[in-house]
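> need a structure here:
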Amino acid sequence: MEKELIGLLGVVVGFVLNLVYGAWVKRSQRKQEQYYLAVVVTMQLDRFFDEAVLLCGDNGKPDQDGFYISIIPYPKFELPTKDVDWRSLPQDLMRDILWLPECIRSAQELISSVSKYVTSPPYFEEYFETRQYEFAKLALTANKVSIRLRKVANLPMRKISDQYYDPISDLITVVAKFDKMRDERHLDQLRIMKEMRVKQTAPN
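I've put the predicted structure just below:
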């Protein structure tokens with residue numbers, strides 16, 4: 001009886017050890033996949049951020065006809081599609097990364113609409129304003145996502161600012177400037193519409 005109990009106990013202990021080892025192996029594999037994915041994606045995020053910062057300083061350059069054209073192309077952000085497991089990331093972080101290309105596409109469509117239907121030559125001010133505004137917001141988002149991803153995967157943080165150069169503050173300033181300009185334009189439009197209604201309802 002005692003031998004049977006010892007044998008049964010050995011089976012149970014072996015089973016538990018196998019479970020623990022299997023869980024450890026899965027966790028170790030998951031961390032490796034997460035680390036690799038984080039390295040690949042942060043490289044893309046950092047490149048996108050740097051290119052977006054350059055775009056936000058693009059106020060255009062006159063062509064031979066005196067019309068201002070952009071000189072900095074749109075930043076690129078390419079998600080890896082092979083040898084990565086997105087499920088190794090926390091769900092909210094995975095969602096924000098996978099959603100970023102759609103946000104970029106929407107921004108480009110908005111900029112294209114402004115270029116076609118709103119702005120006017122030769123300076124195309126609304127076009128350049130919208131371009132800088134949208135990509136300043138996207139750059140700030142990409143930087144926040146990169147920081148979150150580095151924390152999850154225990155990657156070293158990237159130093160992008162010093163006492164001489166602080167692109168984050170510059171981007172925040174760009175967004176705040178255009179937010180203020182848009183608010184002022186909206187108030188002007190409301191004022192003009194109000195004045196027009198008053199004139200229409202005024203007795204002759």
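> mind listing the strands for the protein?
With strands called from DSSP state E, the chain shows them at 61-62, 68-69.
> what's the closest of these to residue 109?
When the strands of the chain are compared by C-beta to C-beta, strand 68-69 sits nearest residue 109, at 19.5 Å. (Each C-beta comes from the backbone N, C-alpha and C, glycine too.)
> mean confidence (pLDDT) on the closest one, please.
The pLDDT scores in strand 68-69 average 95.
> same for it, what does it pack against?
strand 61-62 (3 or more C-beta pairs under 8 Å, 6 or more residues apart in numbering; DSSP states H and E).
> residue 193 and residue 180: what is the separation?
From residue 193 over to residue 180 the distance is 21 Å, taken as C-beta to C-beta, to the nearest Å.
> next: residue 68.
From residue 68 to residue 180 the distance is 23 Å (C-beta to C-beta).
> which one of those two has more residues nearby?
Legend: neighbour count by other C-beta atoms under 10 Å for residue 68 and residue 180, higher for residue 68 (18 against 10).
> report pLDDT for the closest residue to the more buried one other than its chain neighbours.
Here the nearest residue to residue 68 in space, its sequence neighbours aside, is residue 60; by C-beta to C-beta, 6 or more residues apart in numbering that works out to 3.5 Å. With respect to pLDDT, residue 60 scores 93.
> and residue 60, what does it touch?
68-71, 123-124, 128 (C-beta atoms under 8 Å, 6 or more residues apart in numbering).
> got the phi/psi numbers for it?
Here is the backbone geometry of residue 60 (degrees, to the nearest 10): phi 90, psi 160.
> related to what we said a few turns ago, redo the contacts of residue 60 as CSV? Include distance to residue 51.
Putting these into CSV (distance: C-beta to C-beta, whole Å) gives the following:
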residue, distance to residue 51
68, 20
69, 18
70, 13
71, 13
123, 23
124, 21
128, 16
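> now for the residues you listed, which pair is the farthest apart?
So, these by C-beta to C-beta: farthest apart are 71 and 123, at 14.2 Å.
> neighbour count: those two, which is higher?
Each of residue 71 and residue 123 has its neighbours counted (other C-beta under 10 Å); residue 123 has more, 15 against 12.
> give the closest residue to residue 145 in space, chain neighbours not counted.
Residue 145 sits nearest to residue 96 (C-beta to C-beta, 6+ apart), 5.5 Å away.
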